[in-house]
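J.: here are the coordinates; sequence isn't available:
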């Protein structure tokens, strides 16, 4: 397994400058599409359990118990994103991403069987497996982004790539509808919800895992191309030839990640951002079914709109961060979180019916994914590129372990079960306030640090060739 995942060795540089330039342009598009499609497919096998909850409640399971079982998904995802991120930083992204996707798909298929739904304990085991394998998706994408895209373009490129969350998550609702309709059309009505929610999306994800394997390449040097810093003449602060070396596990964790104070600030804020993201998303199907009387088709449509609204919202957030705040992430996050808080109030207190419900849920999706994306970009910028997966993994650990598992799944489920939906919404509002306060502290530090210094072309012998690409 170690040799299978080992990063590819550098090749001799391509002597033909025109060919090197052409190959670079082509390969950047290829790997970007590969990680976009591959990561989107992770969301076809990520949160299927939340859409199965209304059926499981009908089978006699309580919301509190289901929330505990579902929490294991986020616990495993957070742990995996951090720990497997360390392995990813020392692995070939081309193999690492498809491997995790294939294993998550197989676990999702098993979770949809009668054995997978035998009791809460078994459900929790399968949710843990799905979460652990699902945590293998983000770190190799972060590794690819830092190797193929430079600092000055990374915010915009990451904003576009981050839409893979929403494309995959939004497609899930539609894929489930198609799968259920197919099962009904062939005479398996009683089996339709299991096929649509678990088997059909997982089958599609397995096919996409193969496509990702064919498209992704780990780093430019393995293809005989210069580093991205040299190619774009875009060197981050403190860059040197040492930045290209594969770091030891000890260096990654103890030198560049765990003692990074700014990263800890961002990670804690991320816990509250993720509580809002999944506290709304994971419980929306149950809320709409129990409180608002939505049908399964209406729930699927609303679920998709929540995800798809994030596409323009994330792009706008990236643009605001880069163009209006010169790459400063904190103030953009604060502004977007204020809009999220307003949308949650409408979603909670709306007396005007289903249209306003759906618009409010869509607005939450529009605004919440920008902060999710910016925190990921910030994490990548705060560590060397060969520690990027672990850096992002730390923020992901807080986001999924604390924000998703403990708060969105366990606490939210228990509060709703014991006290009702209003108290659940009060928790979401409080999290908005806490996230804003924490990001205000990071804004002060960002403001003091100023813009990163510009670097001269003397960093590499080939820099002058590509200077026109700045």
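T.: Everything's here; your move. Predicted model, so just to flag it, every value in this text is computed and none were measured.
J.: How confident is the prediction for the residue nearest to residue 168 when sequence neighbours are not counted, by pLDDT?
T.: Of all residues not flanking residue 168 in the chain, residue 43 sits nearest, at 3.0 Å (CB to CB, 6 or more residues apart in numbering). No exception for glycine: its C-beta is placed from N, CA and C like everyone else's. Model confidence at residue 43, given as pLDDT, is 93.
J.: What lies in contact with stretch 19-26?
T.: For stretch 19-26, contacts defined as CB atoms under 8 Å, 6 or more residues apart in numbering pick out 13, 14, 220, 223, 224, 225, 226, 231, 466.
J.: What residues of it count as buried?
T.: Buried residues in stretch 19-26, counted by 16 or more other CB atoms under 10 Å: 20, 21, 23, 24.
J.: related to what we said a few turns ago, from the contacts of stretch 19-26, which is closest to residue 291?
T.: Set against residue 291, the nearest of these by CB to CB is residue 220 (52.0 Å).
J.: that older thread, among the contacts of stretch 19-26, which are in helices?
T.: Using DSSP state H, residue 231 are the members of the contacts of stretch 19-26 that sit in helices.
J.: just to revisit the earlier point, how about the buried residues of stretch 19-26, which pair is most distant?
T.: The most distant members of the buried residues of stretch 19-26, if one measures by CB to CB, are 21 and 23, lying 7.4 Å apart.
J.: returning to what we had before: buried subset of the contacts of stretch 19-26?
T.: 14, 220, 223, 225, 226, 231, 466.
J.: Quick check: phi and psi at residue 309.
T.: Dihedral pair for residue 309: phi -60, psi -30, per degrees, to the nearest 10.
J.: Apologies, that question was intended for residue 92.
T.: phi -80, psi 110.
J.: ok, now residue 47?
T.: phi -120, psi 30.
J.: And for it, the neighbour number?
T.: 23 (other CB atoms under 10 Å).
J.: Pretty sure it sits against residue 282.
T.: Yes. Judged on CB atoms under 8 Å, residue 47 makes contact with residue 282 at a distance of 6.7 Å.
J.: Relative to residue 76, how far out is residue 135?
T.: 7 Å (CB to CB, to the nearest Å).
J.: So between these two, which is more surrounded?
T.: residue 135 (29 against 23).
J.: Spit out the contact partners of that one.
T.: 76, 77, 78, 79, 80, 81, 84, 100, 396, 400.
J.: try residue 87
T.: So residue 87 contacts 5, 96 (CB under 8 Å, 6+ apart).
J.: Starting from the least confident helix or strand in the chain by mean pLDDT, tell me the next helix or strand along the chain.
T.: Least confident helix or strand of the chain, by mean pLDDT, DSSP states H and E, is helix 249-250 with a mean of 61. Next helix or strand after helix 249-250 toward the C-terminus (DSSP states H and E): helix 261-281.
J.: Next secondary structure after that next one?
T.: helix 284-287.
J.: pLDDT (mean, whole number) over that following helix?
T.: For helix 284-287, the per-residue pLDDT averages 84.
J.: re earlier: any idea which of the buried residues of stretch 19-26 is closest to residue 153?
T.: Distances from residue 153 to the buried residues of stretch 19-26, taken by CB to CB, are shortest for residue 24, at 13.3 Å.
J.: In which helix or strand does that closest one reside?
T.: Counting by DSSP H and E, residue 24 is part of helix 17-42.
J.: Same check on residue 121?
T.: Per DSSP H and E: helix 120-134 holds residue 121.
J.: So what's the gap between that helix and the chain middle?
T.: Here helix 120-134 is found 18 Å from its chain centre; the criterion is CA atoms, centre = their mean, to the nearest Å.
J.: who's in contact with it?
T.: 42, 45-46, 49, 61, 65-66, 68-80, 84, 100-101, 103-104, 107-108, 110-111, 115-117, 400.
J.: Give me the angle between that helix and helix 17-42.
T.: If you take axes from the mean of the first three to the mean of the last three CA atoms, to 10 degrees, helix 120-134 sits at 170 degrees to helix 17-42.
J.: Identify each buried residue in helix 120-134, please.
T.: Result for helix 120-134 [16+ other CB under 10 Å]: buried residues 120, 123-134.
J.: same deal with stretch 62-70?
T.: 63, 65, 66, 67, 68, 69, 70.
J.: Format those residues as TSV; extra columns: secondary structure and pLDDT.
T.: Output for the buried residues of stretch 62-70, formatted as TSV (DSSP: H, G, I helix; E, B strand; the rest coil; pLDDT from 0 to 100):
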residue	secondary structure	pLDDT
63	helix	80
65	helix	86
66	helix	87
67	helix	82
68	helix	85
69	helix	89
70	helix	85
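J.: quick revisit: just give me the closest of the contacts of residue 135 to residue 185.
T.: Nearest member of the contacts of residue 135 to residue 185, counting by CB to CB, is residue 100, at 32.7 Å.
J.: what ranges do the helices span in the stretch 301-450 of the chain?
T.: 310-319, 330-349, 354-381, 388-397, 412-418, 421-449 (DSSP state H, counting those that start in this stretch).
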